[in-house]
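J.: Provided below for reference: sequence and predicted model.
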Amino acid sequence: MSVPATSLIYIHGFNSSPASFKAGVLRRVFEQAGAGDRLHIPALPPEPRRAMAMLDATLAAAGPCALLGSSLGGFYATWLAAHHDLRAALVNPAVRPWRLLDKYTGINHNYHTGEAYRLDPAWVAQLRHYQVPVIERPEQLLLLTQTGDESLDWRDGWEYYADCHLYRGLGGSHGFDDFDAFVPLVLRFCGIEL
């Protein structure tokens with residue numbers, strides 16, 4: 001009996017969606033390898049509890065898997081990796097998102113879908129529940145960060161993930177410039193063969 005191949009769950013960031021650039025790059029890579037069914041990109045709701053419930057359901061259905069999270073998705077991936085003993089690659093992750101998202105309370109629009117929703121201050125408070133105070137298995141995490149991140153201070157991630165596998169690129173952006181060039185590294189780290 002063969003062991004199922006490892007899948008990847010991509011966790012998008014705040015106000016993003018499965019239509020993001022990084023999601024599109026991953027979709028192309030997996031589809032070109034004939035492995036489109038091994039890539040999962042859930043469209044997360046903005047409320048953290050609902051987002052985490054959807055991610056837990058995705059994990060349950062995916063079989064053996066690893067995680068790739070970007071920005072707020074990196075924060076979620078950190079919690080999921082710690083609680084489900086998974087490998088995760090984190091792209092410009094938010095370390096303490098409740099300090100960042102409080103300024104977005106009120107009406108917001110998803111970057112890709114245009115869907116309007118009201119960000120409830122209680123949702124920002126929910127994020128604290130998913131904080132991982134100490135990373136107990138740093139060997140299971142890969143941090144990819146760029147110093148030109150205009151949305152987050154890259155030094156927060158560099159300090160928090162200091163004992164993990166680290167990559168710091170000079171310049172770049174919050175979207176992580178040249179992301180496609182890093183996909184082979186991410187897949188290798190996550191143990192995914194296409």
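T.: Nice, I can see it. Here the structure is a predicted model, which is why all the values come from computation and not from measurement.

J.: Only C-alpha atoms from now on, for both contacts and neighbour counts.
T.: Will do.

J.: In terms of pLDDT, where does the residue nearest the centre of the chain sit?
T.: For the chain, the residue nearest the mean C-alpha position is residue 69 (1.2 Å; CA atoms, centre = their mean). Here the pLDDT value assigned to residue 69 is 98.

J.: The nearest residue to it once chain neighbours are set aside and residue 126: what is the separation?
T.: Distance criterion CA to CA, 6 or more residues apart in numbering; nearest residue to residue 69, sequence neighbours excluded, is residue 11 at 4.5 Å. To residue 126, residue 11 is 18 Å away according to CA to CA, to the nearest Å.

J.: so what's the residue nearest to residue 69 up against?
T.: Residue 11 makes contacts with 41-42, 67-70, 73-74, 76-77, as judged by CA atoms under 8 Å, 6 or more residues apart in numbering.

J.: make it 7 Å
T.: Going by CA atoms under 7 Å, 6 or more residues apart in numbering, residue 11 touches 41, 68-70, 73.

J.: Of these, which pair is most distant in space?
T.: Spanning the widest gap among these are 41 and 70, at 11.9 Å by CA to CA.

J.: Show me which of the two is the more surrounded one.
T.: Legend: neighbour count by other CA atoms under 10 Å for residue 41 and residue 70, higher for residue 70 (26 against 20).

J.: What lies in contact with the helix or strand hosting residue 101?
T.: If you go by DSSP states H and E, residue 101 is part of helix 98-101. By CA under 7 Å, 6+ apart, the list of residues contacting helix 98-101 from outside reads 124-125, 127-128.

J.: how deep is the closest residue to residue 194 other than its chain neighbours tucked in, by neighbour count?
T.: In space, and not counting its chain neighbours, residue 194 is closest to residue 33: 5.8 Å by CA to CA, 6+ apart. Burial of residue 33 is recorded as 11 neighbouring residues (other CA under 10 Å).

J.: ok, back up a step: which element follows the helix holding residue 101 toward the C-terminus?
T.: With secondary structure assigned by DSSP H and E, helix 98-101 is succeeded by strand 106-109.

J.: just checking, what packs against that next one?
T.: Counting contacts by 3 or more CA pairs under 7 Å, 6 or more residues apart in numbering; DSSP states H and E, strand 106-109 is packed against strand 116-119.

J.: Tell me the gap between the helix or strand just after the strand it packs on and the middle of its chain.
T.: Using DSSP H and E, the helix or strand that follows strand 116-119 in sequence is helix 121-126. The offset between the C-alpha centroid of helix 121-126 and the centroid of the whole chain comes to 19 Å, using CA atoms, centre = their mean, to the nearest Å.

J.: what's downstream of helix 121-126, the next helix or strand?
T.: Counting by DSSP H and E, the element after helix 121-126 in chain order, helix or strand, is strand 141-146.

J.: same for that next one, what does it pack against?
T.: Judged by 3+ CA pairs under 7 Å, 6+ apart, strand 141-146 is in contact with strand 88-91, strand 165-169.
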